[in-house]
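Enquirer: build the 3D model from these lines:
(chains A, B, C and D, ligands or ions: 4)
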Amino acid sequence: MHISEGVVAAPVLVAGAAAAAAGCAVGLRKMDYQNTPKVAVLSSAFFVASLVHIPIGPTSAHLVLNGLVGILLGWITFPAVLVGLLLQAILFQFGGITTLGVNTVVMAVPAIVCYLLYSRIIRSRYAAGAAIGGFFAGATGILLAVILVALSLLSTGEQFTNVARLFLLAHVPVMVIEGIVTAFIILFLRKIKPELLGGDIR
Amino acid sequence: MENRIIIDLKNVNFGYRERPALLKDLNFVLRQGDRVGMIGPNGCGKTTMLYLIMGLIKPNDGSVEIFGRRRVQEHDFVDVRERIGFLFQNSDDQLFCPSVREEIAFGPLNFGKRGKEVEAIIKRSLARVGLDGFKNRVPYHLSGGEKRRLAMATILAMRPRVLLLDEPTLGLDLPTVQRIAEILEEPGLSYVVVSQNIDFLKRTTTQVYTFEDGVLTPFRVPRK
Amino acid sequence: MENRIIIDLKNVNFGYRERPALLKDLNFVLRQGDRVGMIGPNGCGKTTMLYLIMGLIKPNDGSVEIFGRRRVQEHDFVDVRERIGFLFQNSDDQLFCPSVREEIAFGPLNFGKRGKEVEAIIKRSLARVGLDGFKNRVPYHLSGGEKRRLAMATILAMRPRVLLLDEPTLGLDLPTVQRIAEILEEPGLSYVVVSQNIDFLKRTTTQVYTFEDGVLTPFRVPRK
Amino acid sequence: MIEEHFSEGNSVIHRIDPRIRIICAIVYSAIIAVIGNLSVAFIGLGAAIVFITLAQLDAMHLLRRLLVVNVFVLMFWLVLPFSFSGDTILSVGPLNMTQQGVLYTLMLTLKCNAIILINVGLLSTCGMFNVVHALNHLRVPNKLIHLLFFIFRFSHVMHYEYARLTDTLKIRGFRPRTSMHTYRTYGSIIGTLLIRAYERSEQIHRAMVCRGFKGKYWLLDHFVLRRSDVLAATIMAAGAVIIIILQWKTG
Ligand SMILES: Nc1ncnc2c1ncn2[C@@H]1O[C@H](COP(=O)(O)OP(=O)(O)OP(=O)(O)O)[C@@H](O)[C@H]1O
Ligand SMILES: Nc1ncnc2c1ncn2[C@@H]1O[C@H](COP(=O)(O)OP(=O)(O)OP(=O)(O)O)[C@@H](O)[C@H]1O
Ligand SMILES: [Mg+2]
Ligand SMILES: [Mg+2]
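Expert: Ligands and ions are numbered 1, 2, ... in the order given. Here you go, the predicted structure:
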């Protein structure tokens, strides 16, 4: 999920870049030479996972997983997302460099929100709690990202009202699928590597 | 009367992208009841040939016929993969479930088996590879040899009559190698076994092939 | 005069989290020039013992002395890891660079070697394991046996005098197994080799141990 | 899937110092992003086309990339032309397509494609390792560069692992459907990928310290700035200035 190049207005791009830079500064402070490889390898796993297509009825959608990224990486999500998007810009041209900032914000802010809201319930003693937390983390991640995209379109101009509406609607099924898959991933991780759900990678 | 042909590769050519040709005009037939071994230097193309049969990579040229039908596209291979048991060379490629139990149940569940029947399959498959009592262990935390055995058990759980085994004895202790050899004695099986273990091939196969410069050639098992 | 002691494990106890005790009161000594083999059933603790020596996991109890110094914390092991060459059982665990060339250069670069010298090391190490011409290949696109050889080459590139090799012959073709055996003949080496290949152990080691119920025991190589 | 289709080549562009290419890519993208005028957008696209032509890239791959980008652009075409008031040129039911709407959408399309082409022509031609290396020279924070370097490296490895895992799904009779079993299985596969990633990173750390790693990465190759690079930089800067002036003049 991202904002295309050349669409949103300059003030939005600049604000996005500034917010992304601030977020990255916080995130980078939590990274050192010990945990960099861990963060990187996990991020690359997410990078690959975001290429996975999952069937929904007659079509399929690819996963975003930003809620889960937040749960696993905490504030480090910012630099991880930034680098992931930069790689996409270089390797796939899904986006470019001018939207790097806004798109980082679109993905990372919801991730941090999920981290703050759901980390505790996901670490609950009960599997049901973890699953419910996982579902909401997955769904919230998408919901907030969609809202942020809509907001940046709308602050460019009211001509985008219909585009934003269409965009929101199209993502309702994606929200549900993300929620379900995230719940399963959380259940899986909590069984085998509960350390991973701690929220800060050491 | 000739036995039914299971696998029939005709003039298959293959090379990995940006690499020189690896398999050249490969012709290979596996009939019902055949017990074939493959040996040969590292990198000669043994694993590649098995991947071609399972449809995990596609030949540049030539035809792959399995169970009497030509297989070209991805969906042609769906039933091939259900009926042929394939053991990957690297066990880590094969294991992905949160417990040994679920790992073994995965195939049978996909085939529509349920409940008691699945439990029985889990029990029997583990016993056959000497992993009784491992049901609730986590696959990632097994030793190298234990993972190998588990990978083998996931294949056996699907009860295939045709097997492609890529280095089944890798890292196994001697008693377990014996066990695998016994499993392969079951009547009615047909298989291709890739291995560097000549003793194992001698015991389990009737013909052995090797690749020489990308060409399939009969291998004479050296007498000691 | 006795040879210098390199590795000295005293009353080491170890068990994985939530699992029963695995190694019980382990005592093990490797002296300069010793050529020791380890064999034993899958899951008996061979790999675990090597991890303890390299400081990759820490014992619950007992002492690990290496090169005459007791090693407890992470930084105690820094020089151990520089001076002992460790081959992981799973090659995939060992390889992480984007090209074969960088894979081999990694160790020597860390040791301060540069330029021409590194190129010479790359060339020689590859030749020793029979991978000439693989310099620009991508490690994770190699065949199983090729990866094994490359992992071995990355160790040799660091020119260690002490080696811990976990299943060095895994999936290697016969000529390469011979080659590895020849490499181990180099005078002045001391090593521990874990292997299920009795012939290889016979050829390369002078004593062989096994674990029985977590206790280290001499193994009598059966005569054929 | 994760392949660098454009990094290899020996064109004029490929021979320019990656540091200069990166700076130019940033400058040109930023300029084009703020263009607010259709005719200047055409000029921006023209500049992008010049770069891409000079880079002599594989046309098939390039078209495929542009196709993906324009799928998103298509979404705008479905809605935006009807979202402006002005001179109606077509009515579909209650919707009015206006000239203003069409021209605005056309401008977005031109800008989007121009930026992507600049990206491909100047950035993707560098090759990841050069990008990393160049960013190092451009004083990007070290930790960020390490992260980029590692993520790129391991995304190949993880992708390879993912491919093998989907192979095992296939050989064990799995067929994706809209069902809980399917979602649980994907949960396991992605969970596995994450755990592999985590354990692999621990293992890599072990492998690295076992090979004498102490916190510094050594590169085997280095690059130098040549006179031709300075020339290329000057020409590209001149181009950028021209576009800025045009944009400023036309308001
Ligand atoms: N991380 C872990 N967590 C829990 N148990 C583990 C872990 N690693 C290994 N084990 C268990 O400890 C035992 C010893 O493992 P180890 O890898 O040392 O065996 P090994 O002798 O090397 O066997 P193999 O011949 O199969 O390589 C095994 O039963 C294994 O399942
Ligand atoms: N994905 C790939 N991309 C490029 N080259 C590959 C790839 N996979 C394998 N190769 C190369 O193709 C050749 C044959 O590989 P294959 O895995 O079939 O060998 P093998 O006979 O199974 O060897 P081994 O005994 O080592 O398992 C090798 O030289 C290998 O480096
Ligand atoms: Mg192979
Ligand atoms: Mg072991």
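Enquirer: is there any residue in stretch D:163-172 that contacts ligand 2?
Expert: No. In terms of Cβ under 6 Å from any ligand atom, no part of stretch D:163-172 sits within range of ligand 2; the closest distance is 9.1 Å. C-betas here are computed from N, CA, C, even on glycine.
Enquirer: next SSE downstream of the helix or strand where D:Tyr186 lies?
Expert: Element membership of D:Tyr186 [criterion: DSSP states H and E] is helix D:180-209. For helix D:180-209, the succeeding helix or strand toward the C-terminus, using DSSP H and E, is helix D:227-250.
Enquirer: near chain D, which residues of chain B show up?
Expert: Residues of chain B lying near chain D by Cβ under 8 Å from any Cβ of the partner chain: B:54-56, B:77-78, B:81-82, B:84, B:86, B:88, B:90, B:92-94, B:96-98, B:106-107, B:109-111, B:140, B:154, B:158.
Enquirer: hmm, 7 Å instead?
Expert: Where chain B comes near chain D, counting by Cβ under 7 Å from any Cβ of the partner chain, the residues are B:54, B:56, B:81-82, B:86, B:88, B:93-94, B:96-98, B:106-107, B:110-111, B:140, B:154, B:158.
Enquirer: tell me how many other residues crowd whatever residue of chain A ends up closest to chain D.
Expert: Using Cβ to the nearest Cβ, the closest approach of chain A to chain D is made by A:Phe184 at 2.5 Å. A:Phe184 has 23 neighbouring residues, counting by other Cβ atoms under 10 Å in any protein chain shown.
Enquirer: need the three-state assignment for it.
Expert: helix (DSSP: H, G, I helix; E, B strand; the rest coil).
Enquirer: circling back: distance between the helix holding D:Tyr186 and the chain's centre?
Expert: Chain-centre distance of helix D:180-209: 27 Å, with Cα atoms, centre = their mean, to the nearest Å.
Enquirer: before we move on, what about stretch A:97-106?
Expert: Mean-position distance between stretch A:97-106 and its chain equals 12 Å (Cα atoms, centre = their mean).
Enquirer: and A:Val64, what is it in contact with?
Expert: A:Met1, A:Ser50, A:Gly141, A:Ile142, A:Ala145, A:Glu178 (Cβ atoms under 7 Å, 6 or more residues apart in numbering or on different chains).
Enquirer: now the closest residue to chain A within chain D, nearest residue through space, not along the chain?
Expert: Closest approach between chain D and chain A, counting by Cβ to the nearest Cβ: D:Gly187, at 2.5 Å. Among residues not flanking D:Gly187 along the chain, A:Phe184 sits closest, at 2.5 Å (Cβ to Cβ, 6 or more residues apart in numbering or on different chains).
Enquirer: please look at the one you found and D:Tyr183 and confirm they touch.
Expert: Yes. Under the contact definition of Cβ atoms under 7 Å, A:Phe184 touches D:Tyr183, with a separation of 6.0 Å.
Enquirer: so what sits against both of the two?
Expert: Common neighbours of A:Phe184 and D:Tyr183, using Cβ under 7 Å, 6+ apart, do not exist here.
Enquirer: identify the residue nearest the geometric centre of chain A.
Expert: A:Asn66 (2.3 Å; Cα atoms, centre = their mean).
Enquirer: what sits against that residue?
Expert: With contact taken as Cβ under 7 Å, 6+ apart, A:Asn66 is in contact with A:Met107, A:Pro110, A:Ala111, A:Gly141, A:Ala145.
Enquirer: gap between A:Ile3 and C:Ile7?
Expert: As judged by Cβ to Cβ, to the nearest Å, A:Ile3 and C:Ile7 stand 59 Å apart.
Enquirer: is the one helix or strand A:Arg165 maps to positioned near chain D?
Expert: Assigned by DSSP H and E, A:Arg165 falls within helix A:161-170. Yes. For helix A:161-170, a contact with chain D is found by Cβ under 7 Å from any Cβ, at A:Thr161, A:Asn162, A:Val163, A:Leu166.
Enquirer: check which residues of that helix are buried.
Expert: For helix A:161-170, the buried set under the neighbour-count rule, 16 or more other Cβ atoms under 10 Å in any protein chain shown, comprises A:Val163, A:Ala164, A:Phe167.
Enquirer: need the helix or strand of chain A with the lowest average pLDDT.
Expert: None of the helices or strands of chain A scores lower by mean pLDDT, DSSP states H and E than strand A:59-62, at a mean of 78.
Enquirer: give the contact list for residue 57.
Expert: As the question left the chain open, I've gone with chain A. D:Thr178.
Enquirer: try chain D instead
Expert: Contact analysis of D:Leu57 by Cβ under 7 Å, 6+ apart lists D:Phe6, D:Gly9, D:Val120.
Enquirer: of those, which are in range of ligand 3?
Expert: Among those, no residue sits close to ligand 3 (Cβ under 5 Å from the ion).
Enquirer: which element, helix or strand, includes the residue of the stretch 1-150 of chain D found nearest ligand 1?
Expert: Here the stretch 1-150 of chain D gets closest to ligand 1 at one residue, D:Phe150, 23.7 Å apart by Cβ to the nearest ligand atom. Assessed by DSSP H and E, D:Phe150 sits inside helix D:142-171.
Enquirer: how far off centre is that helix?
Expert: 18 Å.
Enquirer: wait, B:Asp61 sits on B:Leu9?
Expert: No. If you go by Cβ under 7 Å, B:Asp61 and B:Leu9 don't touch, sitting 11.5 Å apart.
Enquirer: between those two, tell me which one has more neighbours.
Expert: Ranked by neighbour count (other Cβ under 10 Å), B:Asp61 and B:Leu9 place B:Leu9 first, with 21 against 13.
Enquirer: that one is in contact with B:Pro59, isn't it?
Expert: No. In terms of Cβ under 7 Å, B:Leu9 does not count as a neighbour of B:Pro59; the distance is 8.2 Å.
Enquirer: now stretch B:73-87: mean pLDDT?
Expert: For stretch B:73-87, mean pLDDT is 89.
Enquirer: mind checking the end-to-end distance for it?
Expert: 22 Å (Cα to Cα, to the nearest Å).
Enquirer: what residues sit buried inside stretch D:234-247?
Expert: D:Met236, D:Gly239, D:Ala240, D:Ile243, D:Gln247.
Enquirer: and if you look at stretch A:25-34?
Expert: Those would be A:Gly27, A:Leu28, A:Lys30, A:Met31, for stretch A:25-34 by 16+ other Cβ under 10 Å.
Enquirer: may I ask you to confirm that the third one is in contact with A:Trp75?
Expert: Yes. Under the criterion of Cβ under 7 Å, A:Lys30 is in contact with A:Trp75, at a separation of 5.4 Å.
Enquirer: so is the nearest residue to D:Val102 once chain neighbours are set aside in a helix, a strand, or just coil?
Expert: Excluding the flanking residues, the one nearest D:Val102 by Cβ to Cβ, 6+ apart is D:Pro81, at 4.8 Å. With three-state DSSP as the basis, D:Pro81 sits in helix.
Enquirer: any idea how many residues pack against D:Pro81?
Expert: Using other Cβ under 10 Å, D:Pro81 has 23 neighbouring residues.
Enquirer: span of stretch B:200-218 from start to end?
Expert: 17 Å.
Enquirer: residue ranges with poor pLDDT in chain D?
Expert: D:1-3, D:205-223, D:251 (pLDDT under 70).
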